[in-house]
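Chemist: can't give you the sequence, but here's the structure:
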């Protein structure tokens, strides 16, 4: 099938996949891939590739999948709560990166659908929405941006549409209790009551809890917080986390305000992600585990008290993001640059890989490990900028400035201590 896509502006892959996902939420029985291709301005093959990549993304982050039929129709499949949480992420992204699609395609579908039902007074909803936003903003001591307001206006309509025919959300007892103790619960109750007045069929009681979660997930966690008891508890827990890291690592931060602010912005949403099984997009976790093994273990140890405080289990991806923050602030606060290490290689790649891991285990700091063959080293010497040379092989004597360390695995305690001291020094 040939599609005329000449009038469609070129979109990035992220924009196309975002459009594709939002179409799967539209009030339609199924979505035709040909229609998606036409809207996105690409051919069918590209759309099929977008479906494949998007399926991987939402499976990893939200436990959802895209089911495609033989005639190129597709639909979203997975738990109702997971679907709603996924929509929060992608609708906010689309409002930010591709507002034209929202205005021309996504919003009109829901507006027409809700206008056709006698159960909902859509014009009254539009009139009263600005007042509702102003009221909950004051109640929460929180400013909503114009994008936040647009998002809530659309998203609440989606929730109402689901209440027309789809079964209620399922939240566990612990999730319900968690949400009802949050400062957003009273504002969510106000939204719930207002929508009840506009929806003659009535909306499910569980929506009150979900609106609490919705307001929580779009909160901008800032160091200069509202001063709520919840924020004060989080700030105290993060200060204890930073102190624990310093104690476990034996290293100190010259200034921790910036670090605490960064951790506050990450761990506030991370708590909700853990409680509601939301993944975090960190596709570099394998590399973090390989390059910073000691930093990862130290961060895991330091997080034990934080996890007990909030009764949560953090994923490796969440821990990895915290570890990277600690590593960056250690280097920045102590004016430590990334050390250039030269590993001299021979004919045993497995041994050389093991040596590299032992070196990385010796320090919390990032290392830039380069490779050079023994033969090249003997002929040319070490390249410039190298701070230390490591090899498991015997070398010829050399006048090279960097220290040469011959390693035999496993490293002794004295060797590890010496290497760490050298790597973490300001100067060699």
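Modeler: In hand now; what should we look at? It should be emphasised that the depicted structure is a prediction, and the values quoted were computed from it without experimental measurement.

Chemist: Now do the same for residue 397: its pLDDT.
Modeler: We have a pLDDT of 61 for residue 397.

Chemist: swap that for residue 63, please
Modeler: Here the pLDDT value assigned to residue 63 is 96.

Chemist: That one: neighbour count?
Modeler: Neighbourhood size, residue 63 [other C-beta atoms under 10 Å]: 17. Every residue, glycine included, has its C-beta placed from N, CA and C.

Chemist: does the closest residue to it other than its chain neighbours sit in a helix or strand, and which one?
Modeler: The shortest distance from residue 63 to any non-neighbouring residue, by C-beta to C-beta, 6 or more residues apart in numbering, is to residue 82 (5.3 Å). Per DSSP states H and E: residue 82 is located in helix 80-97.

Chemist: quick one on the thing from earlier: quick one, what contacts the residue nearest to residue 63?
Modeler: 62-64, 277 (C-beta atoms under 8 Å, 6 or more residues apart in numbering).

Chemist: can you pull the buried residues of the helix holding residue 82?
Modeler: For helix 80-97, the neighbour count (16 or more other C-beta atoms under 10 Å) marks 81-95 as buried.

Chemist: Next: stretch 95-112.
Modeler: Result for stretch 95-112 [16+ other C-beta under 10 Å]: buried residues 95, 98, 101-102, 106, 109-110.

Chemist: Which pair in those has the greatest spatial separation?
Modeler: 98 and 110 (17.0 Å; C-beta to C-beta).

Chemist: Could you list the low-pLDDT ranges of this protein?
Modeler: Applying pLDDT under 70 to the chain flags the ranges 1-8, 167, 223-226, 333-338, 397-402, 406, 425-428.

Chemist: got the residue ranges for the strands in the stretch 251-400 of the chain?
Modeler: 339-345, 367-373, 388-391 (DSSP state E, counting those that start in this stretch).

Chemist: How about residues contacting the first one?
Modeler: Read it as strand 339-345. By C-beta under 8 Å, 6+ apart, strand 339-345 touches 352, 355-356, 359, 365, 367-374, 377, 382-383, 385-391, 393, 395, 402, 423.

Chemist: Any of the residues you listed buried? List them.
Modeler: The neighbour count (16+ other C-beta under 10 Å) marks 352, 355-356, 359, 365, 367, 369, 372, 374, 377, 382, 386-391, 402, 423 as buried among these.

Chemist: for the most centrally placed residue in the chain, what are its contacts?
Modeler: Most central in the chain under C-alpha atoms, centre = their mean is residue 280, positioned 3.5 Å from the mean C-alpha point. Taking C-beta under 8 Å, 6+ apart, we find residue 280 in contact with 61, 270, 273, 315, 317-318, 321.
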